[in-house]
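Q: got a sequence here, can you model it:
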Amino acid sequence: MNEKQSLKTASDIPPTPEVAARTVVRRLPFWEADECFKCPVVGLCLNLAEQKRLLRKTGVAVTKRTPFEVHEILVAGGHQENRLSRKVDRMLERKFGPATAALFALDSQAFLAHFKSAFETGDYAGPVWAAAVNPQLPMDTKREIFGVIHMTMHQHGAEHLRFRQKIARQQTEIDKLRQHLTETARGHRDLQKRYECLHHAQAGLKAGLAIAKRESQQLREALVGRDKGTTLDQENRWLKAELEALRSRLADKQCLVVALKEKQRRLAAELDRQQELNAHFRKEIQEAMSGALTCKTCDAQCPAYDLCQRRILIVGGMTRMESLYRGLIEGSGGIFDYHDGYLHKGARHLESRLRRADVVLCPVSCNSHNACSVVKSLAKKHNKTVHMLANSSLNTVSRAIWGEQSDQHSLN
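A: Prediction:
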């Protein structure tokens, strides 16, 4: 590279401290670079496809090798000059040589400042390679650069672990919600089948009643058409007795029809209530699943940032929704605590939980007047924030939490 090209490349670098020298520095080949940098250089400066391509060019099979095995072979091959290390060196030169040529003319402070600037933007693979093969860069500067890279890998590993754990918890809650939805749908199908059976039974009873009415009418007509006489009187008495029996049977069937109609009405009302409840649960399940799956991070830009590690106590509410409350709060980084609101054993257990809580939620629709009074009294005694909620739905609970969080942000 001539001097004109070198100056042109240096002009592309963001503003840095004063350049110490502009003499061309002969870089170290990959196999002569510091040992501590060979692993980061292979891992950061070469992607997996490039690493496999280098091994295939040197006759190493990569089909059944894991990414770690590919990485390990390349790092081990860089301990000395050989065919593989020379190919790695040429590929790194092609990728980063022109873009980083001006970095070799920087003094240690300017080089370190440029590296930190590139690290903030995430485009620091080239400076890492330049640090590894720069023979004039002081060891303490290289050590500081390596320390930043090394600790960043640890932090990424810890963040990845926390992310996987959170995904596992959310998947468990989603599985529970899906199971509950399946059971609710099964119950709806059973009610529908019972309704259809009762409807068919009612149709059969109506048909039987119509037949009985026709038979009764035929008997009346036969009775009117007969001649008067002793035989006629006997037949008349017999027919009357038979008619009374038919009337009794008809009355019994009519009572049964009335009872079945009433039962049908109750079942229809129960079916309507169950459908409303299913729709309500389906809506809240969809909202809870949507909130859980869209929450990926927890940083200063997240509206639930201040909820992290805060203990939220819910007193009362619907016991069967405890797992949904837990998923809503813990999925946002909070600590969930629950008390069913029953005080038949005294308020000591409730007080111990309330003292540990940061925020207390108390749905008035699912608690007795006495329980609400005790919660207010204990919250005042221990100077705790308490929200008295109109109902125990997930929407109401989430609005109370985020509303309280918004108030905290505005105060801050």
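Q: low-scoring stretches of the stretch 151-300 of the chain, by residue?
A: 155-161, 163-164, 222-230, 232, 278, 281-282, 284-300 (pLDDT under 70).
Q: quick one: the strands in it?
A: Here the stretch 151-300 of the chain has no strands by DSSP state E, counting those that start in this stretch.
Q: report the longest helix in the chain, please.
A: helix 139-225 (DSSP state H).
Q: which strands or helices does that one pack on?
A: helix 35-45, helix 108-121, helix 125-133, helix 230-294, helix 322-330 (3 or more Cβ pairs under 8 Å, 6 or more residues apart in numbering; DSSP states H and E). No exception for glycine: its C-beta is placed from N, CA and C like everyone else's.
Q: neighbours of residue 382, how many?
A: 13 (other Cβ atoms under 10 Å).
Q: backbone phi and psi for it, please?
A: In terms of degrees, to the nearest 10, the main-chain angles of residue 382 are phi -100, psi 10.
Q: tell me the contacts of it?
A: Going by Cβ atoms under 8 Å, 6 or more residues apart in numbering, residue 382 touches 351, 354-355.
Q: likewise for residue 87?
A: Counted by Cβ under 8 Å, 6+ apart, residue 87 has contacts 54, 57-58.
Q: so for stretch 122-131, mean pLDDT?
A: In this model, stretch 122-131 carries a mean pLDDT of 89.
Q: now do the buried residues in that stretch.
A: 124-131 (16 or more other Cβ atoms under 10 Å).
Q: next: stretch 55-72.
A: Buried, per 16+ other Cβ under 10 Å, within stretch 55-72: 55, 58, 62, 70-71.
Q: so what touches that stretch?
A: For stretch 55-72, the external contacting residues (Cβ under 8 Å, 6+ apart) are 39, 42-43, 48, 51-52, 73-74, 83-84, 87.
Q: pipe those residues into CSV and attach secondary structure and pLDDT per row.
A: CSV is the format used below for the contacts of stretch 55-72 (DSSP: H, G, I helix; E, B strand; the rest coil; pLDDT from 0 to 100):
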residue, secondary structure, pLDDT
39, helix, 90
42, helix, 89
43, helix, 87
48, helix, 90
51, helix, 91
52, helix, 92
73, helix, 91
74, helix, 89
83, helix, 93
84, helix, 91
87, helix, 92
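Q: now, of these, which are buried?
A: Neighbour counting by 16+ other Cβ under 10 Å classes 39, 42-43, 51-52, 73-74, 84, 87 among these as buried.
Q: between the residues you listed, which is nearest residue 216?
A: Lowest distance from residue 216 to the buried ones among the contacts of stretch 55-72 (Cβ to Cβ) belongs to residue 52, with 93.2 Å.
Q: any idea of the mean pLDDT in stretch 361-369?
A: Per-residue pLDDT values over stretch 361-369 give a mean of 88.
Q: what does it rub up against?
A: Contacts for stretch 361-369 (Cβ under 8 Å, 6+ apart): 312-318, 341, 371-372, 375, 386-392, 396-397, 400-401.
Q: now do 6 Å
A: 314-317, 341, 372, 375, 387-389, 391-392, 400 (Cβ atoms under 6 Å, 6 or more residues apart in numbering).
Q: keep only those of those that are in helices.
A: 372, 375, 400.
Q: distance of the first one relative to residue 165?
A: Between residue 372 and residue 165 the distance, using Cβ to Cβ, to the nearest Å, works out to 37 Å.
Q: the second one too?
A: Between residue 375 and residue 165 the distance, using Cβ to Cβ, works out to 33 Å.
Q: which of these two has more neighbours?
A: Set residue 375 next to residue 165 and count neighbours by other Cβ under 10 Å: residue 375 wins out with 28 against 10.
Q: any idea whether the closest residue to that one other than its chain neighbours is helix, strand or coil?
A: In this structure, residue 375 finds its nearest non-sequential neighbour in residue 362, 4.7 Å apart by Cβ to Cβ, 6 or more residues apart in numbering. Secondary structure, DSSP: H, G, I helix; E, B strand; the rest coil: residue 362 is strand.
Q: give me the number of residues near residue 362?
A: Close neighbours of residue 362, defined as other Cβ under 10 Å, add up to 25.
Q: residue 385 contacts residue 354, correct?
A: No: Residue 385 lies out of contact with residue 354 (Cβ atoms under 6 Å); the separation is 10.8 Å.
Q: higher neighbour count, these two?
A: More crowded of residue 385 and residue 354, by other Cβ under 10 Å: residue 354, with 22 against 13.
Q: any idea how far the more buried one lies from residue 27?
A: 66 Å.
Q: what's the distance between residue 168 and residue 186?
A: 27 Å.
Q: re earlier: partners of the residue nearest to residue 375 in the sheet?
A: residue 388 (DSSP bridges).
Q: I'd like the buried residues of stretch 55-72 as CSV, with distance to residue 323, secondary structure and pLDDT appended.
A: CSV is the format used below for the buried residues of stretch 55-72 (distance: Cβ to Cβ, whole Å; DSSP: H, G, I helix; E, B strand; the rest coil; pLDDT from 0 to 100):
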residue, distance to residue 323, secondary structure, pLDDT
55, 49, helix, 90
58, 55, coil, 89
62, 46, coil, 89
70, 43, helix, 90
71, 42, helix, 89
